[in-house]
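Enquirer: output the structure for:
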Amino acid sequence: MTEEIIHRVQIPWQGARTALDLLQQTARGAYRPHPIGNRAVIDCSEPSDAEDLVKAIQGARIIRVE
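Expert: Numbering: from 1, shown residues only. Predicted coordinates for the structure are as follows:
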């Protein structure tokens, strides 16, 4: 059994629509958006997708998943 690595990105709510639009156009892997507290979170299966979000969305950051 292989363990899937998740690359989780926290995004301010005002950047959520932009992030999803970007992923629809450029994603190289699967992604799943969901809310956590007062932020939007997007779990990406590809590290390059997570990095693209951090570059494109002000205030976005990759967070550690345990």
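Enquirer: for the protein, which segments count as helices?
Expert: For the chain, helices defined by DSSP state H occupy the ranges 16-26, 47-56.
Enquirer: nearest to residue 8, out of those?
Expert: helix 47-56 (7.6 Å; Cβ to Cβ). C-beta here means a position set from N, CA and C on the backbone, and glycine is covered the same way.
Enquirer: buried stuff in the closest one?
Expert: Buried positions in helix 47-56, judged by neighbour count with 16 or more other Cβ atoms under 10 Å: 49-50, 52-53, 56.
Enquirer: could you dump the helices of the chain to a markdown table with distance to residue 33 and mean pLDDT?
Expert: Compiled in a markdown table, the helices of the chain are given as follows (distance: least, Cβ to Cβ, whole Å; pLDDT from 0 to 100):
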| stretch | distance to residue 33 | mean pLDDT |
| --- | --- | --- |
| helix 16-26 | 6 | 94 |
| helix 47-56 | 11 | 95 |
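Enquirer: who wins for proximity to residue 41 among those helices?
Expert: helix 16-26 (9.5 Å).
Enquirer: buried residues of that closest one, list them for me.
Expert: Taking 16+ other Cβ under 10 Å as the neighbour-count basis, helix 16-26 is seen to contain the buried residues 16, 19-20, 22-23.
Enquirer: likewise for stretch 55-66?
Expert: Of all the residues in stretch 55-66, those buried under the rule 16+ other Cβ under 10 Å are 56-57, 60.
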